[in-house]
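Colleague: Attaching a predicted model along with its sequence, questions to come.
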Amino acid sequence: MTKNLIASIALATSALILIPTPAEALCVKVPEANLRQGPGTHYKKTWTVYAYMPFKQIGRRGSWYHVSDVDGDRHWIFNKLVSRKLRCAVVKKDNVNVRRGPGTKYPLADIGKLEKYYSFQVIGRKGNWLKVRDDLGNGGWIARSLLWVQ
């Protein structure tokens, strides 16, 4: 091999390493999941989350995904606890209204007002409103701007 060919291969390889992989949406698919400081159960638990909590995958090590949450905090989660097939959302702030229809003219749904970090599966959309359902089957419509959706 010539020095130019070796240099070209080295440059191409280093460029591939430096290209960030696009963040991919993940959704917790089990009733409860522990997040960790590192990729393994021997790392300290950072947060316990519930079904339909969304994350952005920012990396991977073995069977563990490095993820980012609604606040931009980073954690690790075991790959068998999440899915790419579901679309999920989490409430971004406190006292968010859940409505019976897609608009403020509709009354509050039975689930009422929610606090930050309440998570849902997204099951529909109408304009700027999302139809959501929690793991107990409760739900309604929430303005898209009040949710972090993955």
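Modeller: Okay, I see it. Residues are numbered from 1 along each chain as shown.

Colleague: any weak-confidence spans in the chain?
Modeller: Residue ranges of the chain with pLDDT under 70: 1-23.

Colleague: what do you get if the cut-off is 90, keeping everything else the same?
Modeller: 1-23, 112 (pLDDT under 90).

Colleague: residue ranges of the strands in it, please?
Modeller: For the chain, the strands defined by DSSP state E occupy 24-28, 32-36, 45-50, 54-61, 64-68, 74-78, 82-83, 88-91, 96-99, 108-114, 119-126, 129-133, 139-143, 147-149.

Colleague: Tell me which of those strands is the most buried.
Modeller: Mean neighbour count, computed with mean count of other Cβ atoms under 10 Å, is highest for strand 88-91 among those, reaching a mean of 23. In this view, the C-beta of every residue, glycine as well, is placed from N, C-alpha and C.

Colleague: strand partners of that strand, parallel vs antiparallel please.
Modeller: If you go by DSSP bridges, strand 88-91 pairs up with strand 119-126 (antiparallel), strand 147-149 (antiparallel).
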